[in-house]
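>>> Have a look; sequence and predicted model below, questions after that.
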Amino acid sequence: QVQLVESGGGLVQAGGSLRLSCVASGTDYSVWQMGWYRQAPGMPRELVATVTTGGRTDFADSVKGRFTVSRGSARNTVFLQMNDLKPVDTAIYYCYGQELGTERGRGAEYWGQGTQVNVSS
């Protein structure tokens, strides 16, 4: 059973920075795609950024130029560096992992428990 554990959330003033970390355990293999989603109160969960083992990244338009996502040197770690934070970035941030799909269908998905990020104005 793959488990994802996040760390690094907290309270920061607008314009500040935070770095989120996530480690996946319970597998001997590299999780193909890892990254971050977020959910603000009353809103659906949305993509923030993902990165594959091959280095392909995907970002929400709202965070491009401010956030970077990277895989760590240790297997199955992923980081989200958030700069120039805005109050609209306030949300619970969830670590996400997905196995590579096959002809039989989409790869298995995993979710962390979430870490709260609060950005004050």
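Noted; the coordinates are in hand. Numbering: from 1, shown residues only.

>>> And the helices in this structure?
In the chain, no segments count as helices under DSSP state H.

>>> dump the residue contacts of the residue nearest the centre of it.
The structure's the chain has its C-alpha centroid closest to W36; by C-alpha atoms, centre = their mean the separation is 1.8 Å. Under the criterion of C-beta atoms under 8 Å, 6 or more residues apart in numbering, the contact partners of W36 comprise L20, C22, V48, A49, T50, V69, V78, L80, Y93, Y94, C95, Y96. For glycine as for every other residue, the C-beta is placed from the backbone atoms N, C-alpha and C.

>>> again, only using 6 Å
V48, A49, L80, Y93 (C-beta atoms under 6 Å, 6 or more residues apart in numbering).

>>> again, but for N118
By C-beta under 6 Å, 6+ apart, N118 lies in contact with L11, T90.

>>> what's across from it in the sheet?
Residues found in beta-bridge contact with N118 (criterion: DSSP bridges) are L11.
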